[in-house]
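Visitor: What would the 3D arrangement of this be:
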Amino acid sequence: MSLELTGISKLYGNQKALDDVSFSAKPGEIIGLLGPNGAGKTTTMKILTCFIPATEGEAKVCGYDVKKDDLEVRRHIGYLPEHNPLYKEMYVKEYLELIAKIFKISKPSARIDELISMTGLTKEQSKKIQYLSKGYRQRVGLAQAMMHDPEVLILDEPTSGLDPNQLLEIRSLIKELGKEKLVLFSSHIMQEVQALCNRVIILNNGKLVADDPISTLVGREYGLKKLSVSFKHEISEQKILALSGVERVEKDKGRINSIWYKENNEISESIFDLAVKEGNKLLRMVQEDESIESVFQKITSKKKES
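Guide: Numbers count the residues shown, from 1 in each chain. The predicted model follows:
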């Protein structure tokens, strides 16, 4: 098991930043850690990387306890924090040489050259970090996080500041790394999460409110599928809700209906029969995937209201 959190809570004075959070993860997973601002994402990452202690609960990385075996934990993780701390007066290659010394890399020159190529820093390696764009500073941060070839990568907003071309390159790199390593990253860019992740963990107000494969969240709302249907003439919401398996209906301009139904029900034939029975015409019927944005919004807003 690469990561294992059990009953993790964190208090800052009287404020509970994390409240009984538990999840586990293994190599080969790319996990998006999502949540509104203040949900507890960065706190979770800081606990896993031994920067701050949990108030309650237990966290392990590659079997090592973050409280008792912090040096071993740090040997097994690479961490890119949200605010990337770099020695800006140093040259890119000089900085990576320092990181290689800290981790006692046996063949530092070869490893540095490999990382510079991997992260697209070849043209920038002789520049001082202070003269790099934010996107290239992020690449330097990624290179230092991967220096010791860790089993677990924890990345807080790793693509912040990247232009579209850089974003595609780093996204491709993270995907490649995720084939063998465990990658846990936070992001506010939902399309990126959808493109990269095979699993999503959502925090809200310090609580874990969702932990699902990306395929479960996108295209269905916890066991429900969505169908977009339009009729020539309006049909009442009650008549659609009366169909077997239908759980919810939303209307748009009277004749267009978004219908959520239980996953195991074949609803299309029932919709067609209803149109015939009502002497109506079915103009459109399309199976739709929900966006990750709408699912995220519904999950977090539900929890706020409850």
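Visitor: Count the neighbours of A59 for me.
Guide: A59 has 24 neighbouring residues, counting by other C-beta atoms under 10 Å. Every residue, glycine included, has its C-beta placed from N, CA and C.
Visitor: May I have the residues that are in contact with it?
Guide: L3, E4, L5, T6, I8, I47, L48, D65, V66, K67 (C-beta atoms under 8 Å, 6 or more residues apart in numbering).
Visitor: Show the pLDDT at the residue nearest to the spatial centre of the chain.
Guide: Centroid-nearest residue in the chain: G32, 1.6 Å away (criterion: C-alpha atoms, centre = their mean). Predicted confidence (pLDDT) for G32: 94.
Visitor: what's the spacing between the helix or strand where it lies and its chain's center?
Guide: Secondary structure assignment for G32, by DSSP states H and E: strand 30-34. The chain centroid and the centroid of strand 30-34 are separated by 3 Å, computed with C-alpha atoms, centre = their mean, to the nearest Å.
Visitor: From the contact counts, what lies against the helix or strand just after it?
Guide: Heading C-terminal from strand 30-34, the first helix or strand you meet, by DSSP H and E, is helix 41-48. Packing partners of helix 41-48 (3 or more C-beta pairs under 8 Å, 6 or more residues apart in numbering; DSSP states H and E): strand 3-12, strand 15-25, strand 30-34, strand 56-61, strand 152-156, strand 182-186.
Visitor: Residues touching the next helix or strand after the last one, excluding its own?
Guide: Once the chain leaves strand 182-186, the next helix or strand it forms, by DSSP H and E, is helix 190-196. Taking C-beta under 8 Å, 6+ apart as the criterion, the residues outside helix 190-196 that touch it are 30, 32, 34, 159, 167, 171, 174-175, 178, 185, 187, 200, 214, 218, 291-293, 296.
Visitor: Please apply the same query to stretch 169-176.
Guide: Contact with stretch 169-176 is made by 30, 118-120, 138-139, 142, 155, 158-159, 162, 183, 185, 192, 195-196, as judged by C-beta under 8 Å, 6+ apart.
Visitor: With stretch 3-10 instead?
Guide: So stretch 3-10 is in contact with 16-26, 40, 43-44, 47-48, 52, 54-61, 152, 182, 184, 206, going by C-beta under 8 Å, 6+ apart.
Visitor: Can you turn the buried part of those into a ChimeraX selection?
Guide: In ChimeraX, this line selects whichever of those come out buried by 16 or more other C-beta atoms under 10 Å:
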select :16,17,18,19,21,23,25,40,43,44,47,48,54,57,59,60,61,152,182,184,206
